[in-house]
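please work out how this folds:
(2 chains)
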2 protein chains.
Amino acid sequence: MRQSQLFTKTLKNDPEGEETKNAKLLIRGGFMSKTSAGVYTILPLGLRVLEHINRIIREEMNAIDGEELIMPALIDRKYWEKSGRWETDIIYRTGKQKAGKTEHNFSTEGGSASGGEYGLGWTHEEVITSIARQFIQSYKDLPKAVYQIQSKFRAEVRAQGGLLRGREFLMKDLYSFHADVEDLNRYYEVVKQAYVKIFERLSLPVLVAEASGGAFTKEYTHEFQVVNPAGEDTVHYCMKCGFAQNREIFDAKRHGDCSGKLAEARAIEVGNIFKLGTRFSESFELLYTNAAGKRAPVIMGSYGIGPTRILGTLVEVFSDERGILWPEAVAPYLVHLIEITSQKEDHASKADALYATLQKQNIPVLYDDRTGISAGEKFADADLLGIPYRAVVSEKTGEKIEIKKRGERDMKLVSEKELIQLVTGK
Amino acid sequence: MRQSQLFTKTLKNDPEGEETKNAKLLIRGGFMSKTSAGVYTILPLGLRVLEHINRIIREEMNAIDGEELIMPALIDRKYWEKSGRWETDIIYRTGKQKAGKTEHNFSTEGGSASGGEYGLGWTHEEVITSIARQFIQSYKDLPKAVYQIQSKFRAEVRAQGGLLRGREFLMKDLYSFHADVEDLNRYYEVVKQAYVKIFERLSLPVLVAEASGGAFTKEYTHEFQVVNPAGEDTVHYCMKCGFAQNREIFDAKRHGDCSGKLAEARAIEVGNIFKLGTRFSESFELLYTNAAGKRAPVIMGSYGIGPTRILGTLVEVFSDERGILWPEAVAPYLVHLIEITSQKEDHASKADALYATLQKQNIPVLYDDRTGISAGEKFADADLLGIPYRAVVSEKTGEKIEIKKRGERDMKLVSEKELIQLVTGK
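You can find the predicted model right below:
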């Protein structure tokens, strides 16, 4: 992509009303734009990162036999009432309005000209359990696992964490269906390992912390926590044995025999896994016939990861005073090619040729071909945008290219061939 | 994919409360599930088709320099008020509710504990124009084009057309920004040609029909119409010269010198393109400095295509009394491999081997490996699902494979090598 053609530009100043590093840097870099508190537009550069995150999640979900689908955001009130989750502070309700009025009196009667009354999906257990009834009748239909990557809505009172706490955000939610608890337990471990792999591929160091089961289960659930001062959670953990617990349930005695010292730290929750048991299969009468011919409720699990929250977390973790440092696996581009024209010489044709070569090699490259911008401004933008490799073509570089990794000080002059080898690792 | 593992099953009976062919066949085939009137879940098989549609649209949008982004569904009331589009029957309003009450009194005051008051995005001119202000200041920043593929919400009074008229549906919306009307006119033609190419790739025969400019413009706009009895629109058109007009503006005199006869028919609108002019750039003060140093409002265009409506339209156009006939470009799988075990012989190992071979060749294949299901039932399911090539392995086929195209009667026995050549066209 030629930077001169890009829809976005970097902004000189920090955006107003944003406290967090992720919101400041993502907005200044042109990765996203704030529409209102807790509601953001993901701009082209940001979408490239988000698509990498989604692809990694998708690959690991498919690898554990998850089938992808897309459920709606408009969920009829009757679904929420069936599970007893209509009356919650977190749900956005809509429908039934009388058009053309600014004061909306919702009626509680069923049906209206414009259709039903809806709660915007903040989670989808109700819908998926209802759908599963159509396809699961026998133990032969089990186990099954389905997931979606889809926008969720939560009426957060405070939405001031940038992408860490949004009112509208992307969620990967996986739901699994089992004939018995043993099979749920088996799959729960499979998902836990898949999550560990996802966060490894995303370069995010996570703690797998025990947490309370909440409304769904009395067993522990697990949260995937990234230790970071921007986090809203507090975890207690041992770096030696991996023991970690959410503050709500922390019990030092459970640390066991390990001699490692316990630490306490703020953390960002980037994923969680729950054993739902029969909480929803009972409400929605999702029953199956077991091998003995008896009817029993299906056993379920529910597993979430927040791709937009991960986008924000990556910036909180991988940034310095000058900008972002994207890990290669999710970087919007691998190479930031910068052309610097001096008074003596125009290097555009040389940089154009290199740009064409890199594109031919399928190396994702952002090409700063802007004219009338100083070298200093181009370098500052490159640091802000955080693309892993900066490749400069200028008077000084002669026939070679000056290459520098973001976050490192060393620069070296390399040939075109060496550049390609370096960035592709081949 | 092994059919025995698939999350969905075909349903024996037509779903209740659905009038249209697209809803009946997509639900019976397990491509989608109805959550409430006009609100559907796209199931794994349906998502595979939808992803093909989206990929084709994306490729053609990228080819005309569209940059992809994602805008939110929660759009603060202040945006709609600025453009004068808050007071419309079609908008779903939310936010400001008092939790825990079933009667919701919305206040008109700004700010509340749970945030603003929102209209769910049914179109995004307001948001994109507002964002463009951050990045477009000079004629040097023009032209630009951005698009998204994202869920839209419309409070439709009647939502009975299956995917043809949903309350929640997918939309590709492209917005373009120009320094002058000439450049808008140039790009409008570029988009028109890109749309023609998209519908050609989707195998959908479209009329490019003139329509009224509506609220935005006094010039004609263009609608992309698929002639089909399930359509809600009426078009007048000439098959000889390509003249087509929406009923609302139809004027036979405009047909001109062509000797072809005019026909009238029902049609499904699958896309539309608008010249917005300065309608939104004036409301949102999206101004730029022209080459002469003067400030002027940016000239805009807006271009929509409905991927979920296309999914429904494909079924209306490509189906018979037994089920769907997917065009190859969008088919969920290319080959439906069916194993039939007779009393004498089990052909599973032979079919398993063929399945492995096809997968190795990257040929998308659905493998009906289900046991205890009759040949007749498997064939009926294959006709319903509408995968282009049916490949049968049975007692009768010996060392060969019986291949049949969906919608054709001819079957022939081919070798594995011939099968691969036939379906890949290589």
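
which secondary structure element contains A:M61?
A:M61 is part of helix A:44-63, with elements assigned from DSSP states H and E.

A:A145 too?
Taking DSSP H and E as the criterion, the element that holds A:A145 is strand A:144-153.

after that strand, which helix or strand is next?
Next along from strand A:144-153, by DSSP H and E: strand A:168-178.

beta partners of the residue nearest to A:E402 when sequence neighbours are not counted?
With CB to CB, 6 or more residues apart in numbering or on different chains as the criterion, A:E402 has its nearest non-adjacent residue at 4.2 Å, and that residue is A:V392. No exception for glycine: its C-beta is placed from N, CA and C like everyone else's. Going by DSSP bridges, A:V392 is paired in beta bridges with A:I338, A:E402.

if I look at A:V392, how far off is B:F284?
38 Å (CB to CB, to the nearest Å).

more crowded one of the two?
For A:V392 versus B:F284, the count of surrounding residues by other CB atoms under 10 Å in any protein chain shown is larger for A:V392: 25 against 21.

thought A:I340 was touching that one, still the case?
Yes - taking CB atoms under 8 Å as the definition, A:V392 is a contact partner of A:I340 at 6.4 Å.

so how far is the helix or strand A:T129 falls within from its chain's centroid?
If you go by DSSP H and E, A:T129 is part of helix A:125-135. The chain centroid and the centroid of helix A:125-135 are separated by 25 Å under CA atoms, centre = their mean, to the nearest Å.

that helix near chain B at all?
Yes - Helix A:125-135 reaches chain B (CB under 8 Å from any CB of the partner chain) through A:127, A:130-131, A:134-135.

so which of those residues wins on neighbours?
Tallying neighbours with other CB under 10 Å puts A:I131 at the head of the residues of helix A:125-135 next to chain B, with 25 neighbours.

contacting residues around it?
For A:I131, the contact set (CB atoms under 8 Å, 6 or more residues apart in numbering or on different chains) comprises A:71, B:33, B:41, B:43.

could you redo the last one with a cut-off of 10 Å?
A:69, A:71, A:124, A:146, A:175, A:284, A:286, B:7-8, B:32-35, B:41, B:43 (CB atoms under 10 Å, 6 or more residues apart in numbering or on different chains).

follow-up on the earlier one: can you tell me which of the residues of helix A:125-135 next to chain B is closest to A:K405?
Of all the residues of helix A:125-135 next to chain B, A:V127 has the smallest distance to A:K405: 45.6 Å, by CB to CB.

and the gap between that closest one and B:I149?
Distance of A:V127 to B:I149, computed by CB to CB: 22 Å.

count of residues packed around the residue lying closest to A:V317 once chain neighbours are set aside?
Nearest residue to A:V317, sequence neighbours excluded (CB to CB, 6+ apart): A:N228, at 6.0 Å. When neighbours are counted by other CB under 10 Å, A:N228 registers 17.

next, count neighbours for A:E126.
By other CB under 10 Å, the residues close to A:E126 number 25.

quick one: it from A:R279, how far?
Distance, A:E126 to A:R279, using CB to CB: 11 Å.

so what sits against both of these two?
What both A:E126 and A:R279 touch, as defined by CB under 10 Å, 6+ apart, is the set A:S83.

circling back to that earlier point, any common contacting residues for A:V392 and A:I340?
Shared contacts of A:V392 and A:I340, defined by CB under 10 Å, 6+ apart, comprise A:347, A:351, A:368, A:375, A:378-379, A:402.

the residue nearest to A:E402 contacts A:H336, correct?
Yes - distance between A:V392 and A:H336: 9.2 Å, which falls inside the contact criterion (CB atoms under 10 Å).

which residues are common contacts for the two?
Common contacts of A:V392 and A:H336 (CB under 10 Å, 6+ apart): A:368, A:378-379, A:382, A:404.

if any of those are buried, put those into a PyMOL selection.
Selecting only the buried entries of the shared contacts of A:V392 and A:H336 in PyMOL, with 16 or more other CB atoms under 10 Å in any protein chain shown as the criterion:
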select buried, chain A and resi 368+378+379+382+404
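
redo the shared contacts of A:V392 and A:H336 as CSV? Include pLDDT.
Listed next are the shared contacts of A:V392 and A:H336 as CSV, based on pLDDT from 0 to 100:
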residue, pLDDT
A:D368, 97
A:K378, 97
A:F379, 97
A:A382, 98
A:K404, 97
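
turn the shared contacts of A:V392 and A:H336 into CSV, including distance to chain B and secondary structure.
Listed next are the shared contacts of A:V392 and A:H336 as CSV, based on distance: CB to the nearest CB, whole Å; DSSP: H, G, I helix; E, B strand; the rest coil:
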residue, distance to chain B, secondary structure
A:D368, 15, strand
A:K378, 17, helix
A:F379, 21, helix
A:A382, 18, helix
A:K404, 27, strand
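
tell me the contacts of the residue nearest the centre of chain A?
Nearest to the geometric centre of chain A sits A:P307, at 1.3 Å (CA atoms, centre = their mean). Residues counted as contacts of A:P307 (CB under 10 Å, 6+ apart) are A:42, A:49-54, A:56-57, A:149, A:163, A:169-172, A:202, A:270.
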